[in-house]
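A.B. asks: I need the structure of the sequence given here:
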Amino acid sequence: MVTTAYLFAGQGSQAVGMGRDLVAAFPAARALFERASAILGLDLLRLCLEGPAEELDRSDRCQPALLVHGIACLEAARAARLPEAEAAAGLSLGEYTAHVYAGSLGFEDAVRLVERRGRYMQEACEAVPSGMVAVLGLPREKVEEACRDQGEVGIANLNAPGQIVISGEKAALERAADRCRRQGARRIVPLPVAGAYHSPLMKPAQEKLRRDLAAVRISPPRIPVWTNVSARPLSDPEEIRAALAEQICRPVLWEDTLRALGAAKYFEFGPGRILAGLVRRVVPGAEVVSIEGPLS
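C.D. replies: Numbering: from 1, shown residues only. Presented below is the predicted three-dimensional model:
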């Protein structure tokens with residue numbers, strides 16, 4: 001039974017100004033941004049604090065920015081003497097942050113990996129017109145049925161009951177979204193993303209990332225890290241390596257992960273409170289605390 005779990009935010013949580021309070025309060029948080037800036041050859045902290053938003057929103061920028069921000073938030077947790085986690089998980093990109101926290105990935109390696117991951121994903125998006133749509137108020141089986149036989153489209157994120165994201169080639173996505181609407185979806189929301197993340201259209205990005213992952217040291221984590229692709233904990237380094245490669249093309253089983261974790265208390269690390277909202281919908285009664293700056 002897991003008492004305390006740490007959750008790390010994914011792409012889409014970024015916002016200009018993120019990290020301001022952290023670096024003002026904790027020199028160690030500023031040092032993390034400086035280390036990442038040296039690796040990437042850009043002023044990552046300035047980008048987070050000042051934008052512009054269109055630059056921060058680029059996949060190869062926001063992914064390392066969110067990873068560093070998530071690790072920097074741990075300084076606030078330590079200062080507040082919060083309990084250490086017994087398990088960790090992250091939404092898509094956030095899984096890398098969880099592995100840094102758990103010691104399975106080194107900070108520098110993770111920064112390089114997610115910058116490349118974002119770049120490869122952007123290149124795959126530009127190769128085929130595609131996108132993502134949130135389907136609200138429709139059961140999983142109905143969404144699966146709506147995507148069936150519509151072409152290159154399928155479920156990308158199972159976030160919470162009645163909150164499912166589908167992803168795919170533009171025309172197929174439109175057909176599936178229309179079927180969801182006709183089957184009774186409460187709302188269909190096109191997402192402002194570059195393309196079809198967590199779909200087979202990301203295969204070129206996956207192959208490039210797989211090579212990068214093969215060259216990186218992955219250690220057994222000190223606590224279990226739950227993977228998006230199977231909603232189960234992994235501790236074997238080679239299983240972790242394979243799951244991180246598969247993740248880029250496979251659906252994010254976030255609802256299943258939260259149910260399987262079954263923690264009594266969750267701490268969310270990263271800007272915004274997206275994960276906290278999902279926890280409350282999936283695990284009613286669980287305590288959840290969002291951390292994006294110093295705790296009073």
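
A.B. asks: all helices for this protein, in order.
C.D. replies: Applying DSSP state H to the chain gives helices spanning 20-25, 27-40, 44-50, 53-56, 59-79, 94-102, 107-127, 140-147, 170-182, 203-214, 237-247, 254-261, 274-282.

A.B. asks: what mean pLDDT does the fourth one have?
C.D. replies: Just to be clear, that refers to helix 53-56. Averaging the model's pLDDT scores along helix 53-56 yields 95.

A.B. asks: try the fifth one
C.D. replies: Helix 59-79 shows a mean pLDDT of 96.

A.B. asks: now the angle from that helix to helix 107-127?
C.D. replies: 150 degrees (axes from the mean of the first three to the mean of the last three CA atoms, to 10 degrees).

A.B. asks: Go ahead and measure how far helix 59-79 is from the middle of the chain.
C.D. replies: Distance of helix 59-79 from the chain centroid (CA atoms, centre = their mean, to the nearest Å) equals 12 Å.

A.B. asks: same check, this time on the shortest one
C.D. replies: Per CA atoms, centre = their mean, the displacement of helix 53-56 from the mean C-alpha position of its chain is 18 Å.

A.B. asks: tell me which residues in it are buried?
C.D. replies: By 16 or more other CB atoms under 10 Å, the buried positions in helix 53-56 come out as L56. Just so you know, the C-beta spots here come from the backbone N, C-alpha and C atoms, and that holds for glycine as well.

A.B. asks: Remind me what that helix packs against, helices and strands.
C.D. replies: Contacts defined by 3 or more CB pairs under 8 Å, 6 or more residues apart in numbering; DSSP states H and E place helix 53-56 against helix 44-50, helix 59-79.

A.B. asks: Run through who's touching that helix.
C.D. replies: Residues from elsewhere that reach helix 53-56 (CB atoms under 8 Å, 6 or more residues apart in numbering): Q14, A15, V16, L47, C48, R61, C62, A65.
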